[in-house]
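> Provide a 3D model corresponding to the input given below.
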Amino acid sequence: MPTRDERGVAFPSPVVMLSIVAVAMAGIAFVATDRPGGEQELQTVSRPEPAPTATAPEPVVRPTEPKKPKKTRQPVAIKRAEVYVEVYNNSGIAGLAGRTATEAADAGWKVVGSDNWFGTIPASTVYYPERLEPAAKLLAKDLGIARLNPAVAPMRLDRLTVILTGP
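Model prediction:
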């Protein structure tokens, strides 16, 4: 069997070839763009300002656009008789929901029911769907209730729900 000798020609890989070509191109670009003297000329783009004069300049009158009135949010007129209200008793006081429902109806609210509520409520609360928040604030003021919260299931979303925990 013939012995192999280690003589031969090894061609450089494509990466080495590309690197050599890139260095050669960079050198050619440097030589081609170099100006004599080693510095490039700079051109001034802005114009010099004229010297100030001794007379005062005339004021510039710019046409003004007519001011548009600011859009202010008009208070929503709440008609108590158009808002449904349910009143629930979550206390041990018999008849509390009925008395509060009568109080709300006397204030002009459209009370559609009263009953007992089973659950844990920390304080008397007016629950409201998002669109009835201003009405909930008014109802809470009418009934002397400080706590307001967004309605949660199983409350209906077309009315205010009052849950009482005490007088």
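> rest of the way, CA atoms for contacts and neighbours
Fine.
> how about low-confidence regions in the protein?
1-12, 34-77 (pLDDT under 70).
> all the strands of it, residue numbers only.
84-89, 110-116, 125-128, 147-150, 159-164 (DSSP state E).
> list the buried ones in the longest one?
It stands for strand 110-116. By neighbour count with 16 or more other Cα atoms under 10 Å, strand 110-116 contains the buried residues 110, 111, 114, 115, 116.
> identify the residues contacting the first one.
Applying Cα atoms under 8 Å, 6 or more residues apart in numbering to residue 110 gives the contacts 80, 81, 82, 83, 84, 85, 104.
> quick one: residues contacting residue 129.
Neighbour list for residue 129: 150, 151, 157, 158, 159, 160 [criterion: Cα under 8 Å, 6+ apart].
> returning to that earlier point: quick check: the farthest pair among the contacts of residue 110?
For the contacts of residue 110, the farthest-apart pair by Cα to Cα is 82 and 104; their separation is 12.9 Å.
> who has more neighbours, those two?
Applying other Cα atoms under 10 Å to residue 82 and residue 104 shows that residue 104 carries more neighbours, namely 21 against 11.
> what separates the more buried one from residue 143, distance-wise?
Separation of residue 104 from residue 143 (Cα to Cα, to the nearest Å): 7 Å.
> with residue 109 instead?
In terms of Cα to Cα, residue 109 sits 11 Å off from residue 143.
> what do the two both touch?
Going by Cα under 8 Å, 6+ apart, no residue sits against residue 109 while also sitting against residue 143.
> can you show me the helices along the protein?
Under the criterion DSSP state H, the chain carries helices at the ranges 14-33, 96-106, 133-143.
> now those helices in a markdown table, with distance to residue 166?
A markdown table is the format used below for these (distance: least, Cα to Cα, whole Å):
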| stretch | distance to residue 166 |
| --- | --- |
| helix 14-33 | 85 |
| helix 96-106 | 8 |
| helix 133-143 | 12 |
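> of all those, which one is nearest residue 164?
Once those are compared by Cα to Cα, helix 96-106 is nearest, at 7.2 Å.
> report all helices and strands that that closest one contacts.
Helices and strands touching helix 96-106, by 3 or more Cα pairs under 8 Å, 6 or more residues apart in numbering; DSSP states H and E, are strand 84-89, strand 110-116, helix 133-143.
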